[in-house]
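**Q** would you be able to build a 3D model of this:
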Amino acid sequence: QVQLVESGGGLVQAGGSLRLSCAASGGTFSSYAMGWFRQAPGKEREFVARISGGGLSTYYADSVKGRFTFSRDNAKNTVYLQMNSLKPEDTAVYYCATLTAWGSPDYWGQGTQVIVSS
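**A** So this is what the prediction gives:
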């Protein structure tokens, strides 16, 4: 069983930055690919980014490419999402998740709210 706890959300003005963290416990952290997803009010949850277990490979949704950076520190069992040049449309609850070998989300955190004001 893997437990994930996100933190770092908050209220920021458009153009600002936030860094989200997701701390994991249980399992072998470095063996898990990880993902960030988000859900805006009234919308379905959507993929944001993923990172390989070793941290060498990342992939981003087009909507965040060039603005968000996904990284991990396996010694701390933590992943990070650095979000720059934030836009109001980035407003959502952000969730981290472990990914299966097929890239599907498996274990989820509880989410952290990000609000970007215009």
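**Q** for the closest residue to A33 other than its chain neighbours, give its distance to L20.
**A** Using C-beta to C-beta, 6 or more residues apart in numbering and skipping residues adjacent in sequence, the residue nearest A33 is L99, 4.1 Å away. C-beta here means a position set from N, CA and C on the backbone, and glycine is covered the same way. Relative to L20, L99 is positioned 17 Å away (C-beta to C-beta, to the nearest Å).
**Q** ok so, going back, okay, now the residue nearest to A33: neighbour count?
**A** 18 (other C-beta atoms under 10 Å).
**Q** so what's it up against?
**A** Y32, A33, M34, G35, R50, P105, D106 (C-beta atoms under 8 Å, 6 or more residues apart in numbering).
**Q** need the pLDDT of it.
**A** On pLDDT, L99 comes in at 96.
**Q** ok, W102 next?
**A** Reading off the model, W102 has pLDDT 88.
**Q** SS state for it?
**A** Here W102 takes the coil state, with states given by DSSP: H, G, I helix; E, B strand; the rest coil.
**Q** how close does it sit to M34?
**A** Remark: distance between W102 and M34 (C-beta to C-beta) = 14 Å.
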